[in-house]
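Undergrad: sequence plus the predicted model coming up.
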Amino acid sequence: MAWIILVLAGLFEIAWAVGLKYTEGFTRLWPSLATAGAMVVSIVLLALAVKTLPLSTAYAIWTGIGAVGAVILGIVLFNESASTARLLCLLMIVAGIIGLKLVSPE
């Protein structure tokens, strides 16, 4: 169950990372409230996950999910670069996430 909670925390991290773009420096009310809400949910879920999972593993996976999701949505939503080099780096992050999960004692 902790792994599911951790993945959900990572998804909310993606939501708030992307939400930052829509807040325009926290000058837009509704995007700012949604982003702040996603931040709180993400941190609370991460805190629940680390009650069971090793902190180092959970934190690295949480940030990895957020980074991968933010890059993918940056490409899709904001027309950011999808160069081969960027995509290869993204694959290395995914490999790291999978590797940490595979070697985790939980």
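TA: Thanks, I have it.
Undergrad: what's the burial count for residue 83?
TA: By the criterion of other CB atoms under 10 Å, residue 83 has 10 neighbours. Where you see a C-beta, it was placed from the backbone N, CA and C, and this is true even at glycine.
Undergrad: cool, and residue 70?
TA: Counted with other CB under 10 Å, the neighbours of residue 70 add up to 19.
Undergrad: which residue packs closest to it, ignoring adjacent ones?
TA: Distances taken as CB to CB, 6 or more residues apart in numbering place residue 17 nearest to residue 70, at 4.3 Å, with adjacent residues excluded.
Undergrad: low-scoring stretches of the protein, by residue?
TA: The chain contains no residues with pLDDT under 70.
Undergrad: where do the strands of it begin and end?
TA: Using DSSP state E, no strands are found in the chain.
Undergrad: in it, where's the longest helix?
TA: Counting residues, the longest helix found in the chain (DSSP state H) is helix 55-78.
Undergrad: report all helices and strands that that one contacts.
TA: Counting contacts by 3 or more CB pairs under 8 Å, 6 or more residues apart in numbering; DSSP states H and E, helix 55-78 is packed against helix 2-23, helix 29-49, helix 84-103.
Undergrad: residue 46 versus the nearest residue to residue 26 once chain neighbours are set aside, what's the distance?
TA: Nearest non-adjacent residue to residue 26, counting by CB to CB, 6+ apart: residue 32, 4.7 Å away. Distance, residue 32 to residue 46, by CB to CB, to the nearest Å: 21 Å.
Undergrad: thanks a lot, catch you later.
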